[in-house]
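Trainee: no letters, just coordinates:
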């Protein structure tokens with residue numbers, strides 16, 4: 001292999017693919033990045049056997065070829081040089097990198113042991129703007145279960161239909177549903193693994209344009225002309241979470257989102273080791289109370305509009321902050337549905353694209 005590439009483009013590609021590289025002692029080849037010439041461009045690939053990423057950049061190809069090199073070494077080196085152009089060549093599993101100011105050699109590996117990242121050959125069933133996909137996944141990500149005890153909950157429910165896609169996640173303490181409009185899509189229901197969702201949120205933050213979605217044998221690919229992320233899907237069926245979302249409420253409160261968020265943070269300073277705060281909703285005001293035997297206590301008030309009866313309950317203030325984060329209207333609606341029933345957060349402007357539930361703490 002003998003190529004010349006732009007340092008900035010190479011750095012960007014390496015930083016993207018490096019994140020999925022596994023620090024694997026039993027399979028050392030997974031600690032590497034694959035460099036390969038393909039169709040007049042340089043393809044940079046990495047996989048941890050759950051997620052695979054291919055990133056293609058423009059390059060001047062003098063000789064085709066491929067090599068696997070340690071991810072951290074090549075990424076650190078390319079990230080810390082400032083020369084505009086980088087020349088790379090391979091011989092006897094050694095990668096030589098030359099620029100105006102530097103000449104280096106990195107010991108590489110034969111690519112025959114590098115795992116094949118599956119190529120999904122089916123036609124795209126859906127296209128979605130990269131930013132829209134990223135924002136929708138970010139909205140539900142905090143509610144994904146961390147534990148793998150129930151694998152389906154350690155993922156994001158994704159339901160495609162004509163005109164929309166529904167993303168939902170729950171760890172049984174809170175639940176988020178985000179509905180996003182689409183121009184067109186085939187009907188499909190699947191579960192995206194937590195790690196894949198995290199990687200998509202990170203990678204798509206710097207990606208513009210549309211992303212094509214392709215489904216294969218229990219796998220999904222997210223692709224554009226330069227980037228491809230291939231992931232396995234979670235086996236099993238997602239619980240029917242819709243049954244948990246209350247259709248009626250006992251009381252409803254309208255409150256300024258930023259004011260409530262600020263006061264929740266202040267009240268949380270004095271919460272106990274279970275992060276509990278008490279919410280008391282009365283006519284014209286919402287009170288937040290917390291007490292800690294080692295720190296002290298606090299009571300704060302936020303102006304609000306109450307419909308129906310006053311109520312009070314205790315909940316985890318971190319979960320409440322996570323819910324306020326996904327509400328993108330100036331005001332937020334809080335619905336009380338009973339002492340041992342979920343507290344529901346909705347958009348204050350009447351929008352129905354986001355619903356967030358929190359289970360209250362038992363007194």
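Mentor: Now that the structure is in, tell me what you want to look at. Note that this is a predicted model, so its numbers are computed, not measured.
Trainee: quick check: what element follows the helix or strand bottoming out on mean pLDDT in the chain along the chain?
Mentor: Taking mean pLDDT, DSSP states H and E as the measure, the helix or strand of the chain with the lowest value is strand 126-129, at a mean of 92. Toward the C-terminus, strand 126-129 is succeeded by helix 130-141 as the next helix or strand (DSSP states H and E).
Trainee: I'd like to know which elements that following helix is packed against.
Mentor: strand 155-161, strand 164-170, strand 174-181, helix 194-204, strand 210-215 (3 or more CB pairs under 8 Å, 6 or more residues apart in numbering; DSSP states H and E). (Glycine included, C-beta is placed from N, CA and C.)
Trainee: quick one: closest of these to residue 248.
Mentor: strand 174-181 (17.1 Å; CB to CB).
Trainee: what lines up beside the closest one in the sheet?
Mentor: Its sheet considered, strand 174-181 pairs with strand 164-170 (antiparallel), strand 354-358 (antiparallel) by DSSP bridges.
Trainee: now the ones you listed in CSV, with distance to residue 202?
Mentor: Putting the strands paired with strand 174-181 into CSV (distance: least, CB to CB, whole Å) gives the following:
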stretch, distance to residue 202
strand 164-170, 17
strand 354-358, 22
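Trainee: deepest-packed of those, please.
Mentor: strand 354-358 (a mean of 23; mean count of other CB atoms under 10 Å).
Trainee: between helix 130-141 and that strand, find me the angle.
Mentor: If you take axes from the mean of the first three to the mean of the last three CA atoms, to 10 degrees, strand 354-358 sits at 20 degrees to helix 130-141.
Trainee: pLDDT averaged over strand 354-358 - what is it?
Mentor: Taken as a whole, strand 354-358 carries a mean pLDDT of 97.
Trainee: pull the residues that contact it.
Mentor: 139, 143, 170, 173-179, 244-245, 315-316, 319-320, 322-323, 326-328, 342-347 (CB atoms under 8 Å, 6 or more residues apart in numbering).
Trainee: just the buried members of those?
Mentor: 139, 143, 170, 174-179, 315-316, 319-320, 322-323, 326-327, 342-347 (16 or more other CB atoms under 10 Å).
Trainee: could you measure the residue nearest the centre of the chain against residue 232, distance?
Mentor: In the chain, the centroid-proximal residue (CA atoms, centre = their mean) is residue 198; its distance is 3.2 Å. Relative to residue 232, residue 198 is positioned 15 Å away (CB to CB, to the nearest Å).
Trainee: neighbours of the nearest residue to the residue nearest to the centre of the chain once chain neighbours are set aside, just the number please.
Mentor: Excluding its sequence neighbours, the residue lying closest to residue 198 (CB to CB, 6 or more residues apart in numbering) is residue 141, at 7.0 Å. Using other CB atoms under 10 Å, the number of residues around residue 141 comes to 19.
Trainee: give the contact list for residue 141.
Mentor: Taking CB under 8 Å, 6+ apart as the contact definition, residue 141 lies against 156, 169, 194, 197, 198, 201.
Trainee: got JSON lines for those residues, with pLDDT too?
Mentor: Listed next are the contacts of residue 141 as JSON lines, based on pLDDT from 0 to 100:
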{"residue": "156", "pLDDT": "97"}
{"residue": "169", "pLDDT": "97"}
{"residue": "194", "pLDDT": "96"}
{"residue": "197", "pLDDT": "97"}
{"residue": "198", "pLDDT": "95"}
{"residue": "201", "pLDDT": "96"}
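Trainee: just curious, which of these is nearest to residue 68?
Mentor: The closest of the contacts of residue 141, once distances to residue 68 are taken by CB to CB, is residue 198, at 24.7 Å.
Trainee: for the nearest residue to residue 109 once chain neighbours are set aside, name its beta-bridge partners.
Mentor: The shortest distance from residue 109 to any non-neighbouring residue, by CB to CB, 6+ apart, is to residue 68 (4.4 Å). For residue 68, the residues forming beta bridges with it (DSSP bridges) are residue 34, residue 109.
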